[in-house]
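Visitor: Sequence and predicted structure, then a few things I'm wondering about:
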Amino acid sequence: MITDLSHGLFTRAQELIPGGVNSPVRAFKSVGGEPFFAHRAKGSYLFDVDGNRYIDYVGSWGPMVAGHAHPKVLEAVFNAAREGLSFGVPNPLEVTMAETLTRMVPSCEMVRMVNSGTEATLSAIRVARGATGRSRIVKFEGCYHGHGDSFLVKAGSGALTLGQPDSPGVPKALADLTLTLPYNDFDAATALFEQYGEEIAGLIIEPIAGNMNCILPRDGYLQHLRALCTQYGAVLIFDEVMTGFRVAPGGAQQVYGVTPDLTTFGKIIGGGMPVGAYGGRRDLMQQVAPAGPIYQAGTLSGNPVAMAAGLATLELVRQPGFHAELKAKTEMLCDGLEAAAKEAGVPVTTNRACGMFGLFFTDRKVHSFADATACDTAAFKRFFHGLLQRGVYFAPSAFEAGFLSTAHSELDIELTIEAARAAFREVRAG
Ligand code: PMP
């Protein structure tokens, strides 16, 4: 595979952009080698500047649940752009978006649009603190909620990949207010609330974790957290930036039947444009400025082009059978990967949640951050490059979930499994 043009761009980029990228995981640090530069994308495929084609299981890290450059989404964007790119006064699409989100996710009685998942989680925590008058927050080891100061404590994703769970620049006094818990540990959560319950403003969790690879909550775990938050008067925040509209039309909260007080969104609601949102109980959201005193704002929030892309994507997601198709494709891929690994004599296990999945190089089931970090990352590296050489792009880190779209065809999945068969053999050979 020739990647000369990507190499040239990466060389130039490294001079001027930290690490050559505008978001760390893109640099391939944890898998080695160099990233390829995208020229265009269509459906399930990414095409690089050298003309190589990849079956893409990253999907821009989640938004592309209906495939890249979907004609309906592009049309909506072109139509909106023709009318102007930003107004600085309210526009009708913001109202439609609020109506759409609150209808699809009933726990959200009101919503506020922002520009990224990070902004959504930062704002949600501010609301939790502002509304309760308390300072401490609780998060989970290996969960990632964007790069806000309060969240860069035992965070997943890029922070985990780089082995820097805590970032320089986060004041210790602030980090001290973030309490962390092991995911899926019932007793640890109970004990923490017994000790700090009265001081906890809110608890934030990925209801299905996607930033320490893909880890599902144990039966009753989210219910347990719901009960603790209710008992101690803490705000329960589900970070559905990744899971929202991907695992079900109403997100993970619909799948598990647990109602959070606040929810954060991103990715799919922007259809590939920079968008985030947070929403929840009316009495909490009414405290956000200008309705209430908790300040939060954004020059480009509710941007008409971004709203158009998000609304078009959500319309696709709402089509009957959308999630059933996504799930069937994910199951086909994961079953195939497991079978191919078994054939090659490589121990792997998978976790699946409708349109997202995790592949782990271990012979054990994976339920926690500790389980995920105990997997064979050297094997993952070899596997990643084995796939890449064969035109299949998995996330360049052992700690990221994989994403499918409805644009992935059965043939794409068969070709992926074929490539995986060869890559597993290379892993086995060492
Ligand atoms: N929360 C979760 C669960 C995420 O996966 C991410 C990003 N991967 C974020 C928050 C942050 O979103 P953004 O990168 O848009 O700031």
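Guide: On my side now, so go ahead.
Visitor: mind listing what residue 199 touches?
Guide: Neighbouring residues of residue 199 by C-beta atoms under 8 Å, 6 or more residues apart in numbering: 134, 135, 136. In this view, the C-beta of every residue, glycine as well, is placed from N, C-alpha and C.
Visitor: how about the helices in the stretch 301-430 of the chain?
Guide: 304-317, 322-344, 369-373, 377-389, 410-429 (DSSP state H, counting those that start in this stretch).
Visitor: closest one to the ligand among these?
Guide: helix 304-317 (12.2 Å; C-beta to the nearest ligand atom).
Visitor: which helices and strands does the closest one pack with?
Guide: Applying 3 or more C-beta pairs under 8 Å, 6 or more residues apart in numbering; DSSP states H and E, one finds that helix 304-317 contacts helix 71-82, helix 92-104.
Visitor: for the shortest one, packing partners?
Guide: If you count contacts as 3+ C-beta pairs under 8 Å, 6+ apart, helix 71-82 packs onto helix 304-317.
Visitor: Residues in contact with the helix it packs on: which ones?
Guide: 63, 65-66, 70, 72-73, 75-77, 79-81, 83-87, 91, 93-94, 96-97, 100, 104, 113, 115, 245, 249, 268-275, 300, 322-323, 406.
Visitor: hmm, 6 Å instead?
Guide: Helix 304-317 is contacted from outside by 66, 72-73, 76-77, 80-81, 91, 93, 97, 100, 245, 268-273, 275, using C-beta atoms under 6 Å, 6 or more residues apart in numbering.
Visitor: Give the rounded mean pLDDT of that helix.
Guide: The pLDDT scores in helix 304-317 average 98.
Visitor: circling back to that earlier point, can I have the buried ones of the contacts of helix 304-317 as a PyMOL selection?
Guide: With 16 or more other C-beta atoms under 10 Å as the criterion, this PyMOL line picks the buried residues out of the contacts of helix 304-317:
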select buried, resi 66+73+76+77+80+91+93+97+100+245+268+269+270+271+272+273+275
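Visitor: What about the residue of the stretch 201-350 of the chain found nearest the ligand, how many residues nearby?
Guide: Residue of the stretch 201-350 of the chain nearest the ligand, by C-beta to the nearest ligand atom: residue 241 (3.5 Å). Neighbour count of residue 241, defined by other C-beta atoms under 10 Å: 29.
Visitor: Please verify my assumption that it contacts residue 117.
Guide: Yes: using C-beta atoms under 6 Å, residue 241 is in contact with residue 117, at 3.8 Å.
Visitor: correct me, but residue 391 touches residue 57?
Guide: No: look at residue 391 against residue 57 with C-beta under 6 Å: they stay out of range, at 11.8 Å.
Visitor: Compare the two (neighbour count), which wins?
Guide: Between residue 391 and residue 57, counting by other C-beta under 10 Å, residue 57 is the more crowded of the two (24 against 16).
Visitor: is the residue nearest to that one when sequence neighbours are not counted in a bridge, and if so with what?
Guide: Nearest non-adjacent residue to residue 57, counting by C-beta to C-beta, 6 or more residues apart in numbering: residue 402, 4.6 Å away. Applying DSSP bridges to residue 402 yields these beta-bridge partners: residue 357.
Visitor: For residue 213, see how far away residue 402 is.
Guide: The gap separating residue 402 from residue 213 is 9 Å, by C-beta to C-beta, to the nearest Å.
Visitor: Over to residue 110?
Guide: 33 Å.
Visitor: of the two, who's got more company?
Guide: Shown here are residue 110 and residue 213; by other C-beta under 10 Å, residue 213 has more neighbours (30 against 18).
Visitor: Mind checking what secondary structure the more buried one has?
Guide: Secondary structure for residue 213, judged by DSSP: H, G, I helix; E, B strand; the rest coil, is coil.
Visitor: How about the contacts made by it?
Guide: 358, 372, 399.
Visitor: Run a quick neighbour tally on the closest residue to it other than its chain neighbours.
Guide: Sequence neighbours aside, residue 358 is the residue nearest to residue 213 in space, at 3.9 Å (criterion: C-beta to C-beta, 6+ apart). Residue 358 is flanked by 26 other residues according to other C-beta under 10 Å.
Visitor: check contacts around residue 358.
Guide: Taking C-beta under 6 Å, 6+ apart as the criterion, residue 358 is in contact with 213, 214, 351, 401.
Visitor: For the ligand, what's the nearest residue on the chain?
Guide: residue 117 (2.2 Å).
Visitor: Many thanks, have a good one.
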